[in-house]
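A.B. asks: any chance you could fold what I've pasted below:
(one chain, ligands or ions: 1)
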Amino acid sequence: MCSPVGHSLAGAIIYVAFNKDKLGIRRNWKGYLTYMFVANAPDLDIIPGMLKGDINLYHHQITHTLFFAVVFVFGVYMFYRLRGKEANFSVLLAFFLLYLSHLVLDYFAVDTRPPYGEELFWPFSKNYYISPVTPFLDIVRGKTLWSAINAHNFLAMSIEVAVFGPILLLLLWYRKLHLRGERRVNLN
Ligand SMILES: [Zn+2]
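C.D. replies: Residues are numbered from 1 along each chain as shown. The predicted structure is shown next:
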């Protein structure tokens, strides 16, 4: 699995890709935070384990499946409908990609605990899938959250920042440049 840092950066990248008019972090922090939270959401499966004294007990199971990604997007659609709003395709696509980004990142991360990988195609298949090439490190921890604070995990997060940080900055720069261009055209 990747760390929350990697997943959050992926969430921020998707936010910038889908919200070109709301890029300023200070003014749109709620949007950034929501996207980053959703990109981490599949790992909420550690909470029931935490309550039982072992955070790995239910980790990498149903929430790390494509089936659950679809269920999640349906939940988002219903959330909008119940609030009397229309969830347009772009919003639903963004939330699907957010959830998917989590599964993809974990797919490319080292997993040292059997069963290795994710049960991606559950309930149609009980096989676990993991990439043969894993550029991201695993997150080493014991049965508690505190045990995750260690040098190995710092290195894992540094790799994620080195990969996703430049992508985010480049995308922000590109978006702002285009936005400025569009505004100039509108003024003329
Ligand atoms: Zn995960």
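A.B. asks: ok, residue 139 touching residue 5?
C.D. replies: No: here residue 139 lies out of contact with residue 5, judged by CB atoms under 8 Å, at a distance of 10.0 Å. Yep, even glycine has a C-beta here, placed from its N, CA and C like the rest.
A.B. asks: name the SS class of the residue sitting nearest the centre point of the chain, please.
C.D. replies: Here the mean C-alpha position of the chain is nearest to the C-alpha of residue 39 (CA atoms, centre = their mean), at a distance of 2.3 Å. Following DSSP: H, G, I helix; E, B strand; the rest coil, residue 39 is assigned to helix.
A.B. asks: leaving out sequence neighbours, find the closest residue to it.
C.D. replies: Excluding its sequence neighbours, the residue lying closest to residue 39 (CB to CB, 6 or more residues apart in numbering) is residue 11, at 3.1 Å.
A.B. asks: with residue 69 instead?
C.D. replies: residue 99 (4.3 Å).
A.B. asks: dump the residue contacts of the one you found.
C.D. replies: Shown in contact with residue 99 (CB atoms under 8 Å, 6 or more residues apart in numbering): 38, 39, 41, 42, 68, 69, 72, 73.
A.B. asks: buried residues in the helix or strand it falls within?
C.D. replies: Counting by DSSP states H and E, the element that carries residue 99 is helix 89-107. Applying a neighbour-count criterion of 16 or more other CB atoms under 10 Å, the buried positions in helix 89-107 are 91, 94-103, 105-107.
A.B. asks: same question, stretch 67-86
C.D. replies: Within stretch 67-86, the residues that qualify as buried by neighbour count (16+ other CB under 10 Å) are 68, 69, 72, 73, 76.
A.B. asks: which of those residues sits closest to residue 33?
C.D. replies: Of all those, the one with the least separation from residue 33 (CB to CB) is residue 76, at 16.0 Å.
A.B. asks: distance of residue 169 from residue 4?
C.D. replies: Relative to residue 4, residue 169 is positioned 19 Å away (criterion: CB to CB, to the nearest Å).
A.B. asks: neighbour-wise, which of those two wins?
C.D. replies: When residue 169 is set against residue 4 and neighbours are counted by other CB atoms under 10 Å, the residue ahead is residue 4, at 18 against 12.
A.B. asks: alongside the ion, which residues does the chain contribute?
C.D. replies: Taking CB under 5 Å from the ion as the criterion, the neighbours of the ion within the chain are 1, 42, 43, 106.
A.B. asks: what are the ranges of the strands in the chain?
C.D. replies: Remark: strands of the chain are absent; assignment by DSSP state E.
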